[in-house]
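**Student:** could you look at this predicted model? Sequence included:
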There are 2 protein chains.
Amino acid sequence: MRAPDELRALLDSYLRELALTPELGGLEEAMRYTIESGGKRIRPVLCLATAEAAGGEPERALPAAAAVELVHTFSLVHDDLPAMDDDDERRGRPSAHIAFGEGVALLAGDALLAEAFRLALSYGTTAVARELAEATLGMIGGQYRDITSDESDLAELHRLKTGRLLAAAVGCGLWVAEVPEAAQGPWRAFGDELGLLFQVVDDVLDGDGYALRLGEEGARALAAEAADRSAERLAAIPADTSVLGEIVGGLAVRTS
Amino acid sequence: MRAPDELRALLDSYLRELALTPELGGLEEAMRYTIESGGKRIRPVLCLATAEAAGGEPERALPAAAAVELVHTFSLVHDDLPAMDDDDERRGRPSAHIAFGEGVALLAGDALLAEAFRLALSYGTTAVARELAEATLGMIGGQYRDITSDESDLAELHRLKTGRLLAAAVGCGLWVAEVPEAAQGPWRAFGDELGLLFQVVDDVLDGDGYALRLGEEGARALAAEAADRSAERLAAIPADTSVLGEIVGGLAVRTS
């Protein structure tokens, strides 16, 4: 079993060497800028760790893991645009539309999404790409609720906007490891817990969302509950899930 | 063999009844507005006619044809945005960002692309979705050349921006009809001719592009050549391609 850091190094090197579609021409520069902006790679590492825990080879899961990360990157690039959150910075660097202009950032986001599907379609089955398409649609539904301020149900908004892609990272790992659908239940129950855990910790770090609603102490308690529930779900999976446990532990105590 | 108008009616009714992903919530309204804006449906009709000419059932090709149309619609919605062509009207109605705001239009475009992949993935094979992903990436490469004014090679720009998706409409029809890859050559040679024909006629109607470069007469002569070449390619296909011939004829003499 490889540690999260080893899986992340594997993924980073795969992304660095990934050949994008040549016809994209100069757009590749903007895409690489956003891909290589040093994110935490939580989703792809989760995908690789799930595949390995389920008996698959992490190497074989690399295209799927990269596809999940490209969908995440696409969503950040479009979220940062002036018509959405209008963020000039992303991870301490100018966001894509500041660095390359709005039109190029828009197209770079579109191309990241299409490249994600190209990667997910490199398997013999449609299952990986279907998992990704459904999660992407759910995520976009969450972004729509976010910008139209339909926050009547904050938990549902976050389940869609953050939770769907985290759950799909687990799901894609299962398909690559060829876990039959009938045996995926306990794994998916684990994947479905991660969105809340991730989001509450995010809000504590940013001082908004759940931290505003529940106070910092209340939000930290909610995060601890979510982490406990994720650990319980992991314990119900008949496999060595120690690396996934480490990832959950890291999510709960992260400071950035 | 069904006539182009019958195929179009089939497609329109399929699109009207198409269930979008429920989690998209209120975004569906903006998506339906753009899908049902009364385009000519050239690409999906081409897909259905190819499937039928190649021995398949047009009905079975409906999800693939609709997927091609959704990719086309996605590209129009994003092209119309202020950061791109900044067009306030599309087919005589307010464009999506005028009707729903820029953020919603951006997300509607994203969701149209993801729904296109969901539809293309409803087949047992990855081939339809792969055809679509590669064409979409080529098309985005063409849009990039367009907005960065890299018009050094106008033919290549149009081959990508217009030609790739028209060729993929033919390609998707072939996959649905289960034409083996080794037998697809003559069909694909036909599909590859359509981009130029479509674009030159477009430019004559709009009085730009080729019409500016070659004069209206020169552009009309180029369109006639392209139509002749498409007809020659059709004649080389060992099947009844009469309906495809009608579609090509319609493309050459269209007035809108």
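**Tutor:** Structure received. These numbers come from a predicted model, not from an experiment.

**Student:** CA only for contacts and neighbour counts going forward, please
**Tutor:** OK.

**Student:** distance from stretch A:51-63 to the middle of the chain?
**Tutor:** 17 Å (CA atoms, centre = their mean, to the nearest Å).

**Student:** what do you get for stretch A:71-86?
**Tutor:** 14 Å.

**Student:** now it: mean pLDDT?
**Tutor:** Here stretch A:71-86 scores 97 as its mean pLDDT.

**Student:** could you confirm whether that stretch reaches chain B?
**Tutor:** Yes. Stretch A:71-86 reaches chain B (CA under 8 Å from any CA of the partner chain) through A:His78, A:Ala83, A:Met84.

**Student:** got a winner among the residues you listed for most neighbours?
**Tutor:** A:His78 (26 neighbours; other CA atoms under 10 Å in any protein chain shown).

**Student:** surely that one is in a helix?
**Tutor:** Yes. Under DSSP: H, G, I helix; E, B strand; the rest coil, A:His78 sits within a helix.

**Student:** these two touch, right, it and A:Leu107?
**Tutor:** No. Proximity of A:His78 to A:Leu107 does not meet the contact threshold set by CA atoms under 8 Å, at 9.4 Å.

**Student:** now the residues of stretch A:71-86 next to chain B in TSV, please, with extra columns for distance to B:Asp88.
**Tutor:** What follows is those, written out as TSV (distance: CA to CA, whole Å):
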residue	distance to B:Asp88
A:His78	21
A:Ala83	16
A:Met84	19
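
**Student:** list the contacts for the residue nearest to the spatial centre of chain A?
**Tutor:** Among the residues of chain A, the one closest to the centroid is A:Arg43, at 3.7 Å (CA atoms, centre = their mean). Listed by CA atoms under 8 Å, 6 or more residues apart in numbering or on different chains, the contact partners of A:Arg43 are A:Ala65, A:Val68, A:Glu69, A:Leu165, A:Leu166, A:Ala169.

**Student:** gap between the third one and A:Ala49?
**Tutor:** As judged by CA to CA, to the nearest Å, A:Glu69 and A:Ala49 stand 14 Å apart.

**Student:** and these two? Which one has more around it.
**Tutor:** Under the criterion of other CA under 10 Å, the comparison of A:Glu69 against A:Ala49 puts A:Ala49 first, with 31 against 27.

**Student:** longest helix of chain A?
**Tutor:** helix A:210-235 (DSSP state H).

**Student:** of the contacts of A:Arg43, which is the nearest to A:Glu232?
**Tutor:** A:Leu166 (17.6 Å; CA to CA).

**Student:** compute the number of surrounding residues for the residue in the stretch 151-256 of chain A positioned nearest to chain B.
**Tutor:** Residue of the stretch 151-256 of chain A nearest chain B, by CA to the nearest CA: A:Leu160 (8.0 Å). Counted with other CA under 10 Å, residues neighbouring A:Leu160 total 25.

**Student:** check it and give its pLDDT.
**Tutor:** With respect to pLDDT, A:Leu160 has a value of 94.

**Student:** rewinding a little: from A:Gly26, how far off is the residue nearest to the centre of chain A?
**Tutor:** A:Arg43 is 28 Å from A:Gly26, by CA to CA.

**Student:** how about A:Ala239?
**Tutor:** Relative to A:Gly26, A:Ala239 is positioned 45 Å away (CA to CA).

**Student:** try A:Leu70
**Tutor:** Noted for A:Leu70: a distance of 18 Å to A:Gly26, by CA to CA.

**Student:** more neighbours: which of the two?
**Tutor:** Per other CA under 10 Å, whichever of A:Leu70 and A:Gly26 has more neighbours is A:Leu70, with 26 against 15.

**Student:** dump the residue contacts of that one.
**Tutor:** A:Ile35, A:Leu112, A:Leu113, A:Glu115, A:Ala116.

**Student:** what about the lowest-mean-pLDDT helix or strand in chain A, distance to the chain center?
**Tutor:** Every helix and strand of chain A was ranked by mean pLDDT, DSSP states H and E. The lowest is helix A:154-158, at a mean of 86. Relative to the chain's own centre, helix A:154-158 is displaced by 16 Å; criterion: CA atoms, centre = their mean.

**Student:** contacts for that helix?
**Tutor:** With CA under 8 Å, 6+ apart as the criterion, helix A:154-158 contacts A:Gly142, A:Gln143, A:Arg145, A:Asp146, A:Glu151, A:Gly195, A:Leu196, A:Gln199.

**Student:** what ranges does chain A have for its helices?
**Tutor:** Under DSSP H, chain A gives helices at A:4-17, A:27-35, A:42-53, A:62-80, A:96-100, A:102-120, A:127-147, A:154-158, A:164-176, A:185-206, A:210-235, A:242-253.

**Student:** mean pLDDT lowest where, among those?
**Tutor:** Note on the helices of chain A: lowest mean pLDDT is at helix A:154-158, with a mean of 86.
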